[in-house]
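Visitor: sequence first, then the predicted structure:
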Amino acid sequence: MPGYQPITRSATITVVRPSDFPDLSPSYKAVSSPSADYGERITYTVGIRNATGALDVMLTFSDTLAEGLIYVPGSFSATGGTANFSILPTLTWSGVLSPTPAITITYAATVTHVASGTATAILPQTVTNVATIAAPGYQTVVRTATVRVHWQSLYLPLILNRRD
């Protein structure tokens, strides 16, 4: 408005999280081999890690095995908490990260042909398996691991023979 000076104010906002706020960003998922052929067994390792230390909040883990993978019976284990494979193809775990801020979960799967309608696919493919880690009231963490199935292999070294 004419004749009035603008008013400018500034503020600093500091967000303070409670000491038990989980930081699950260091959590990971890995697969034993980046490539496999049909019938081969691969092992998944999931590390649930809390960067802020021990955590007394109940965490849950869920992993539905992707099409083209079959769970290997008896292979699901965890260094703490409760591992459950009763609703296959979904594997679940629940527990707390106390007194340690880390849990390791392992399980194996056999690579199979992916059914596509009535035919069975035998072409090269990638199988991406997705795991979720959740703490009630906090953001869910998603981790993936991908396996190349039935891909061609290239063995090195390649030797080029030049003729002058």
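Guide: Ah, there it is.
Visitor: what sits against residue 99?
Guide: residue 54 (C-beta atoms under 8 Å, 6 or more residues apart in numbering). The C-beta positions use only the backbone N, C-alpha and C, and glycine is treated the same way.
Visitor: kindly apply the preceding question to residue 32 instead.
Guide: Applying C-beta under 8 Å, 6+ apart, the residues near residue 32 are 42-45.
Visitor: ok, now residue 51?
Guide: Taking C-beta under 8 Å, 6+ apart as the test, what residue 51 contacts is 23-26, 101.
Visitor: please enumerate the strands of the protein.
Guide: 28-31, 35-36, 41-49, 55-64, 69-71, 77-78, 82-87, 90-97, 102-111, 114-116, 119-121, 125-134, 141-149 (DSSP state E).
Visitor: okay, those strands in CSV with mean neighbour count, mean pLDDT and distance to residue 13 next?
Guide: Output for the strands of the chain, formatted as CSV (neighbours: other C-beta atoms under 10 Å; pLDDT from 0 to 100; distance: least, C-beta to C-beta, whole Å):
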stretch, mean neighbour count, mean pLDDT, distance to residue 13
strand 28-31, 16, 96, 32
strand 35-36, 20, 90, 48
strand 41-49, 19, 95, 29
strand 55-64, 18, 90, 26
strand 69-71, 18, 94, 46
strand 77-78, 15, 96, 40
strand 82-87, 12, 93, 40
strand 90-97, 19, 93, 30
strand 102-111, 19, 95, 33
strand 114-116, 13, 58, 50
strand 119-121, 11, 53, 53
strand 125-134, 17, 92, 28
strand 141-149, 18, 93, 25
